[in-house]
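In: Fold the following, please.
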Amino acid sequence: MTLQQKKSQWRPGLVLCWFLLCVSLQPHSHRASAVNLRRFIGCAVREFTFQAKKPGCGGLHITTDACWGRCETWEKPVLDPPFIESHQRVCTYNETRLVSVKLPNCQPTVDPTYTYPVALRCDCGVCLTSTTECITSV
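Out: Below is the predicted model:
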């Protein structure tokens with residue numbers, strides 16, 4: 001293979017690298033993703049950080065995957081009781097796995113194990129109080 005052939009093999013990769021570098025250095029590139037999240041309709045797995053706590057133990061910051069999003073919801077009046085037809089869905093867990101960690105500085109009589117769900121798949125669905133905090137009245 002000649003030197004000219006070797007150089008021509010590198011050019012597409014070099015052009016791609018320069019393109020990706022230029023796109024990543026755009027001053028407002030992070031704003032676009034925030035705007036997209038504000039307009040996002042649906043349900044998706046997203047990284048989430050919270051502090052795990054339990055009486056008798058210290059707290060621990062945990063980063064995990066959780067369900068996040070907005071789902072189509074509507075209500076319309078009807079003539080028959082209960083005089084309203086509603087379609088209310090929430091972004092909720094479809095598939096999870098449980099992960100356990102040990103909390104720090106627990107008292108000797110306290111089990112340090114803390115178990116939480118990790119979202120594997122999320123969907124718009126009926127709010128189930130067994131997996132989700134549901135608002136039942138306003």
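
In: Residues touching stretch 41-48, excluding its own?
Out: With CB atoms under 8 Å, 6 or more residues apart in numbering as the test, stretch 41-48 has contacts from 63-72, 91-92, 119-124. The way it works is simple: take the backbone N, C-alpha and C, and place the C-beta from them, glycine included.

In: Residue 68: helix or strand, and which one exactly?
Out: Using DSSP states H and E, the element containing residue 68 is strand 60-70.

In: in stretch 81-94, what counts as buried?
Out: 89, 90, 91, 92, 93, 94 (16 or more other CB atoms under 10 Å).

In: Stretch 124-135 too?
Out: Result for stretch 124-135 [16+ other CB under 10 Å]: buried residues 124, 125, 127.

In: pLDDT on it, on average?
Out: Stretch 124-135 carries an average pLDDT of 78.

In: Now do that stretch: everything it contacts.
Out: Here stretch 124-135 has contacts from 42-43, 69, 71-72, 88-94, 96, 117, using CB under 8 Å, 6+ apart.

In: C-alpha coordinates for it, CSV please?
Out: Extracted C-alpha coordinates of stretch 124-135, given in CSV (Å, rounded to 0.1, in the frame of the first residue of the first chain):
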residue,chain,number,x,y,z
CYS,A,124,-47.0,5.0,30.2
GLY,A,125,-49.6,3.1,32.2
VAL,A,126,-52.1,3.1,35.0
CYS,A,127,-50.8,4.3,38.3
LEU,A,128,-50.2,1.4,40.7
THR,A,129,-49.8,2.3,44.3
SER,A,130,-47.6,-0.8,44.8
THR,A,131,-44.8,0.8,42.7
THR,A,132,-45.6,4.5,42.4
GLU,A,133,-46.8,7.4,44.6
CYS,A,134,-50.2,8.2,43.0
ILE,A,135,-52.2,11.3,43.6
